[in-house]
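**Q** need a structure here:
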Amino acid sequence: MKYSTALVVSLLLHAILAAVMLFGEFSMSHEKPTPTMQATVVEQKQDQVEPIKAVTVDKSKLEARVKEIRKKKADEKAAEAKRIRDLERRASEAQKKRAKEQARIKALEKQRKQKEQDKKRADEAARKAKAKADKAEKLRQAKEQEKKRAEEAAAAAKAKRLKEEAEAKKAEELRKKKEEERKRKEREARERAMQEQMLAEQMAQEMAQRQQARRAQMQSEIQRFTALITQTIQRNLITDRSTMEGKSCKLAISLAPSGFVTNVQATGGDAVVCNAAKTAVLKAGTLPVSKDPEVFNEMRNISLTFRPEF
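**A** Here you go, the predicted structure:
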């Protein structure tokens, strides 16, 4: 409706303009109106509303002009319609573009939020992974420490065992050495004892031999001095064949180292012979004795059997 009214007004104005132009052409010997004249005509038309006077014009020209005007208006209308369609198209495209942009922005926002969520999940996963890795690392370190302590304990135990084995070996070697030393000393002691025993036996044998020889010598000396004492008693004896012949007396005589008679006793035998023998001993006073102390000790208290000789 709006476009139809505008079209009618436009057609009227163009018709008036065409009539004026035709009239001007015939009345002014085809003098072209100047812009000032056209403006004046327009102003007059705007200031004064006068009745349009009928002007006789060439119908063919008018129709041609009208066709031209109509064509121009149709072109303008088509151009306007095209412009409107273009505007509507551009508006639609702009709306679609805005919708698309909004959809893109929404998609981007959704993508951003998704990325944020993904980032949060990734961060959380990374945090959990880090926590898990830290826990695993702590566990690894704890196991490493435990392993290290176990290895140190094992090394210490091994060192202690080796030390104890070394000490035990050293102690065993020392024990063996002491045992060998003890056995050596025992062997040496046995050998020494055997040697000493052999030497003692030899010495005892020698001593026995010497003592035997000495005893034989002493016995010989004792016998000799006993004989001398008997002779001394015989020399100092007052004999009586009738009472003494074939008789004897046992005498026990005690002597001093000088041979001095300290005591004389008859221990058995004929009384006559004993009395006479005792008297003879006391008469002698000193009897022959050995200068050898051992021989004298054997003869200090001498016992003899005296038989008078005739």
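
**Q** Val273 is in contact with Lys250, isn't it?
**A** No. At 9.9 Å, Val273 does not count as touching Lys250 under the criterion of Cβ atoms under 8 Å. C-betas here are computed from N, CA, C, even on glycine.

**Q** common neighbours of those two, please.
**A** Common contacts of Val273 and Lys250, defined by Cβ atoms under 8 Å, 6 or more residues apart in numbering, comprise Phe306.

**Q** these two - which one has more neighbours?
**A** Val273 (25 against 16; other Cβ atoms under 10 Å).

**Q** now that one: how far from Thr305?
**A** 10 Å (Cβ to Cβ, to the nearest Å).

**Q** shared neighbours of these two, anything?
**A** The contact sets of Val273 and Thr305 overlap at 248-249 (Cβ under 8 Å, 6+ apart).

**Q** name the helix or strand for the closest residue to Phe306 other than its chain neighbours, please.
**A** Nearest residue to Phe306, sequence neighbours excluded (Cβ to Cβ, 6 or more residues apart in numbering): Ala277, at 4.8 Å. Here Ala277 sits within helix 271-284, counting by DSSP states H and E.

**Q** what is that helix packed up against?
**A** Where contact means 3 or more Cβ pairs under 8 Å, 6 or more residues apart in numbering; DSSP states H and E, helix 271-284 is packed against helix 59-235, helix 241-244, strand 249-255, strand 261-269.

**Q** what's the most buried one of these?
**A** strand 249-255 (a mean of 19; mean count of other Cβ atoms under 10 Å).

**Q** quick check: the gap between Phe306 and Gln211.
**A** 30 Å.

**Q** likewise Gln102?
**A** Computed as Cβ to Cβ, the Gln102 to Gln211 distance reads 151 Å.

**Q** now swap in Thr239 and tell me
**A** 40 Å.

**Q** got any ranges where the stretch 201-310 of the chain has weak pLDDT?
**A** Of all residues in the stretch 201-310 of the chain, none has pLDDT under 70.

**Q** need the pLDDT of the residue nearest the centre of the chain.
**A** For the chain, Glu152 is the residue whose C-alpha lies nearest the centre (Cα atoms, centre = their mean; 1.4 Å). Listed pLDDT for Glu152 reads 87.

**Q** that one: what's it in contact with?
**A** With Cβ under 8 Å, 6+ apart, Glu152 has no contacts at all.

**Q** if I look at it, how far off is Glu294?
**A** For Glu152, the distance to Glu294 - Cβ to Cβ - is 87 Å.

**Q** give the contact list for Asp75.
**A** Contacts of Asp75 by Cβ under 8 Å, 6+ apart: none found.

**Q** begin at 22 from now on, thanks
**A** Renumbered: residue one is now 22, and that last one reads Asp96.

**Q** and the gap between it and Ala102?
**A** The value you get for Asp96 to Ala102, if Cβ to Cβ is used, is 10 Å.

**Q** next one: Ala187
**A** For Ala187, the distance to Ala102 - Cβ to Cβ - is 117 Å.

**Q** one more: Gln286?
**A** Using Cβ to Cβ, we find Gln286 at a distance of 202 Å from Ala102.

**Q** over to Gln116?
**A** Distance of Gln116 to Ala102, computed by Cβ to Cβ: 20 Å.

**Q** equivalent analysis for Met215, please.
**A** Per Cβ to Cβ, Met215 is found 157 Å from Ala102.

**Q** how about Ala180?
**A** Counting by Cβ to Cβ, the gap from Ala180 to Ala102 is 108 Å.

**Q** likewise Lys181?
**A** 110 Å.

**Q** ok, Ser324 next?
**A** Computed as Cβ to Cβ, the Ser324 to Ala102 distance reads 197 Å.

**Q** what of Arg256?
**A** 213 Å.

**Q** and for Leu308?
**A** Distance, Leu308 to Ala102, using Cβ to Cβ: 203 Å.

**Q** if we can go back for a sec, residues near the residue nearest to Phe327, how many?
**A** 29.

**Q** correct me, but it touches Leu272?
**A** Yes. Using Cβ under 8 Å, Ala298 makes contact with Leu272 at a distance of 5.9 Å.

**Q** intersection of neighbour lists for the two?
**A** Common neighbours of Ala298 and Leu272 (Cβ under 8 Å, 6+ apart) are 254, 287, 327.
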